[in-house]
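Trainee: sequence plus predicted model, see below.
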Amino acid sequence: MDELYTPGSGVIHRMDARVKVVWVFAFILLLNLSRLNAWRVYLLFLALVTFLIRYEKVNGKTILRRTVIFTPFLLAVVPLIFFGPTPRGMIQIGPDWRIPYSPEGFTRVINIIIRSSISILAVLTLMTTTRFSDQLVAFRQLKLPKLLVAITGLMWRYLFIISDEATALLRARASRSGLPARGRRAVGAILWQAGVAGGMVGSLFVRSLERSERIYAAMLSRGYTGDLPVEGSVPLARSDRRLLITGFGLLLLLYTLGNQLWK
């Protein structure tokens, strides 16, 4: 459950989880409040995230690999290039083939992808330096709705359960379809694997549902009431309050400075 967390002894690792959660929220909010094509704001916020990753000695390659998971969500905005606001331009593909596109839509897509990528880096930095259980406690101490926190915690746990079930199905399929190095039998095995993919998805759904019911019954037998048990909220230490104020000031400074330079 803490696969994204990387142990460390830096300042951010030791910081109160509430401070980090509020920081990331403010970071994402200010970044997305910036105007379109505010390239200097993007550059300053990206430099801040990069500095924090280097300062905490977090493996940057690991974080970049994790950002690949979000690629399908970023690609979902690409159709805006072709179906965005008017006026429309034309992309010449060949002598008799042109594709209409929206220049304003293209600009929006580029800005969305840049903002989303920097925001994802900030979130991954938070998850790499903070245990997920500490994040859930921070959400509750920050008075987020109980139901939202419970859904988030259960979703995170069940992701790993579904991953284990999918791994077991793939291992079973591989043990029943040995692939020769080359030849027609290899092609036939690949086609067979593709044919059973749909059945595997259905089986994964059924097995995950049955296992989730067993887990939920076990949780109820151990006293689960639908709420994350959290002890009394501990006031922020003076050092954490200073870090919180300093972080806010730094974010506002970068936001203001970037927008002023943009002008």
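Mentor: Received it, and whenever you're ready, just let me know what you need. Note that the coordinates shown come from a computational prediction; the quantities given were computed from them, not determined experimentally. Numbers count the residues shown, from 1 in each chain.
Trainee: alpha carbons only for contacts and neighbour counts from here, please
Mentor: Noted.
Trainee: I'd guessed residue 208 sits against residue 163; true?
Mentor: No - with contact defined as CA atoms under 8 Å, residue 208 does not count as touching residue 163 (9.6 Å).
Trainee: those two: who's more crowded?
Mentor: Per other CA atoms under 10 Å, whichever of residue 208 and residue 163 has more neighbours is residue 208, with 19 against 13.
Trainee: next up, phi/psi of residue 34, please.
Mentor: Main-chain dihedrals, residue 34, degrees, to the nearest 10: phi -70, psi 150.
Trainee: what residues are up against it?
Mentor: 41, 255, 259 (CA atoms under 8 Å, 6 or more residues apart in numbering).
Trainee: compare the residues you listed and tell me which is most surrounded.
Mentor: residue 41 (24 neighbours).
Trainee: look up the closest residue to it, ignoring the ones flanking it.
Mentor: In space, and not counting its chain neighbours, residue 41 is closest to residue 258: 4.4 Å by CA to CA, 6 or more residues apart in numbering.
Trainee: distance check, the one you found against residue 47.
Mentor: As judged by CA to CA, to the nearest Å, residue 258 and residue 47 stand 12 Å apart.
Trainee: okay, and residue 165 sits in which element?
Mentor: Per DSSP states H and E: residue 165 is located in helix 146-175.
Trainee: may I see the buried residues of that helix?
Mentor: 149, 153, 158, 161-162, 165-166, 169, 173 (16 or more other CA atoms under 10 Å).
Trainee: one more: stretch 6-15?
Mentor: Across stretch 6-15, burial judged by 16+ other CA under 10 Å covers 6, 12-13, 15.
Trainee: helices - which of those residues land there?
Mentor: Per DSSP state H, helices hold the following members of the buried residues of stretch 6-15: 12-13.
Trainee: so which of the buried residues of helix 146-175 is the closest to residue 247?
Mentor: Of all those, residue 149 has the smallest distance to residue 247: 24.9 Å, by CA to CA.
Trainee: quick one: neighbours of the residue nearest to residue 254 when sequence neighbours are not counted, just the number.
Mentor: Spatial nearest neighbour of residue 254, excluding adjacent residues (CA to CA, 6+ apart): residue 44 at 6.4 Å. When counting by other CA under 10 Å, one arrives at 17 neighbours for residue 44.
Trainee: likewise for residue 78?
Mentor: Counted with other CA under 10 Å, residue 78 comes out at 18.
Trainee: with the one 4 residues further on instead?
Mentor: Neighbourhood size, residue 82 [other CA under 10 Å]: 17.
Trainee: so it sits against residue 107, correct?
Mentor: No - using CA under 8 Å, residue 82 and residue 107 do not qualify as a contacting pair, with a distance of 11.6 Å.
Trainee: what ranges does the stretch 101-250 of the chain have for its helices?
Mentor: Ranges of helices within the stretch 101-250 of the chain are 103-129, 132-141, 146-175, 184-221, 238-262, based on DSSP state H, counting those that start in this stretch.
Trainee: and those helices: which comes nearest residue 69?
Mentor: helix 103-129 (10.3 Å).
Trainee: any idea which helix or strand carries residue 100?
Mentor: strand 97-101.
Trainee: mind listing what that strand pairs with, with the direction of each?
Mentor: strand 89-94 (antiparallel) (DSSP bridges).
Trainee: isn't there a strand covering residue 78?
Mentor: No - Residue 78: not assigned to a strand; according to DSSP: H, G, I helix; E, B strand; the rest coil it is coil.
Trainee: quick revisit: tell me what angle the helix holding residue 165 forms with helix 132-141.
Mentor: 160 degrees (axes from the mean of the first three to the mean of the last three CA atoms, to 10 degrees).
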